[in-house]
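> requesting a structural model of the entry that follows:
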Amino acid sequence: MMITTTVSLLTFFGILLIAALIMRPVFLTYVHSYEVRVRAPKPRESSAAAPRQSQLLNLCRLAGEFTLSILPALADAKTIRLLTMANYRTPEHLAILTGIKTMVAGSTILLGISAAASDPLYLLMVCPAAVAAWIVPNFFLATRIKKRQSRILSELPTIIDLLIVCAQAGLGLLSAIEKVSRECVDSCPILCEEFDHLLKDVKMFAKPVPHAMREMGERCGIDELTNLASALIAAEAKGSDISYPLKQQGEALRDRLKRKKEEEAGKVPVKMVPVIMTFVMPLILAPMLGPAVVTILQAIEPIIKNMK
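Sure, this is the predicted structure:
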């Protein structure tokens with residue numbers, strides 16, 4: 001009886017733990033929404049200021065700095081641009097990425113050489129495996145860029161609406177950007193951080209507003225943000241009201257996002273075909289064809305015995 005009770009309790013708590021892990025994203029969403037409503041605004045810190053400190057990252061940074069000192073051509077413009085779009089914008093981030101690539105590729109080469117002791121044919125696979133290991137971190141970087149750009153696109157309509165309100169209230173372009181970046185820290189953190197960067201470029205480094213806005217669009221790597229910057233630059237240059245181009249850009253952006261969601265919804269049935277064929281069809285066919293197969297086998301069994 002004691003063993004049965006213990007097993008029942010362990011099963012119950014195990015099910016609760018699995019349910020909590022499954023529902024964790026939902027709980028975090030509600031917790032974050034509650035924090036946004038009740039917590040006081042906190043000073044912002046740029047996520048690109050410095051990488052996280054850990055022994056492993058420090059080791060990767062040292063390996064990357066050593067590799068870059070030997071091969072400075074590895075810090076090409078394409079890699080720097082990808083790191084910038086992923087919000088990894090310091091030299092330490094470049095060194096860490098290079099160190100990760102170096103350590104992964106070096107480990108692959110060492111494993112290939114150690115395996116070649118038993119079979120020399122493994123030496124032929126060392127170079128392709130090392131090249132593949134060097135490229136693999138770029139896929140994780142591309143995933144980070146895609147997620148960040150998706151978040152920026154989800155924040156952009158809200159930012160455009162607030163800029164329209166500020167423009168209709170009589171604020172200029174920089175004043176509206178400063179006001180929105182100060183008030184939307186919790187709801188739109190990524191774009192507010194980019195707006196802060198833009199304001200620092202204009203006020204501290206005396207960059208022209210058009211140049212700073214183009215740089216903001218290039219940093220994020222999003223065509224919609226680049227189009228918005230171009231429209232605002234054109235309206236500011238003509239001295240016209242910026243609310244009209246903002247309305248046009250907002251409507252175009254929402255229409256584009258709507259069509260994108262419709263395209264994704266149209267692809268769902270195609271994506272469900274392999275799942276249905278793998279998991280659903282066997283469950284449907286087994287009860288339907290199972291008795292018939294058993295009957296056929298029973299009918300064939302005497303014939304097979306007579307043939308033997």
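> can you list the residue ranges for strands in the chain?
Assigned by DSSP state E, the chain shows no strands.
> from A252, how far out is the most centrally placed residue in it?
By CA atoms, centre = their mean, the mean C-alpha position of the chain lies nearest to K147, the distance being 2.3 Å. Distance, K147 to A252, by CB to CB, to the nearest Å: 23 Å. (C-beta placed from N, C-alpha, C; glycine too.)
> what does S118 give?
For S118 relative to A252 (CB to CB), the value is 62 Å.
> who's more crowded, these two?
A count of neighbours by other CB atoms under 10 Å puts A252 above the other of S118 and A252, at 14 against 8.
> report how many residues lie close to the closest residue to T108 other than its chain neighbours.
The shortest distance from T108 to any non-neighbouring residue, by CB to CB, 6 or more residues apart in numbering, is to A133 (4.2 Å). Counted with other CB under 10 Å, the neighbours of A133 add up to 19.
> repeat that for the one 4 residues further on.
Per other CB under 10 Å, the neighbour tally for P137 reads 17.
> okay, it: pLDDT?
Predicted confidence (pLDDT) for P137: 88.
> cool, A142 as well?
The model's pLDDT for A142 equals 90.
> that one and S114, how far apart?
From A142 to S114 the distance is 31 Å (CB to CB).
> quick one: contacts for A142?
L82 (CB atoms under 8 Å, 6 or more residues apart in numbering).
> in space, what's closest to I177 - neighbours in sequence excluded?
Counting by CB to CB, 6+ apart, the residue nearest I177 is F195, at 5.1 Å.
> next, count neighbours for the one you found.
F195 has 23 nearby residues by other CB under 10 Å.
> wait, it touches S181, no?
Yes: contact criterion CB atoms under 8 Å: F195 and S181 qualify, at 3.8 Å.
> pLDDT below threshold where in the protein?
For the chain, the stretches with pLDDT under 70 are 1-10, 12-14, 16-17, 19-53, 308.
> longest single helix anywhere in it?
Longest among the helix segments of the chain by residue count, using DSSP state H, is helix 123-168.
> now V131: how far from A105?
8 Å.
> ramachandran angles for L71?
The phi/psi pair for L71 (degrees, to the nearest 10) reads phi -120, psi 80.
> just S240 next, same as before
Note on S240: backbone dihedrals following degrees, to the nearest 10 are phi -90, psi 170.
> check contacts around it.
S240 neighbours (CB under 8 Å, 6+ apart): none.
> hang on, R148 packs against I190?
Yes: if you go by CB under 8 Å, R148 and I190 touch, sitting 6.7 Å apart.
> between those two, which contacts overlap?
Common neighbours of R148 and I190 (CB under 8 Å, 6+ apart) are N87.
> what about M216, neighbour count?
Other residues close to M216 by other CB under 10 Å number 21.
> same check on C192?
Neighbour number of C192 under other CB under 10 Å is 21.
> now swap in E155 and tell me
Using other CB under 10 Å, E155 has 18 other residues around it.
> tell me the contacts of the residue nearest to it when sequence neighbours are not counted?
Once flanking residues are discounted, E155 sits nearest to C188: 4.0 Å by CB to CB, 6+ apart. By CB under 8 Å, 6+ apart, the residues touching C188 are 155, 158-159.
> phi, psi of C188?
Main-chain dihedrals, C188, degrees, to the nearest 10: phi -130, psi 70.
> next one: it from L174, what distance?
Using CB to CB, C188 is found at 18 Å from L174.
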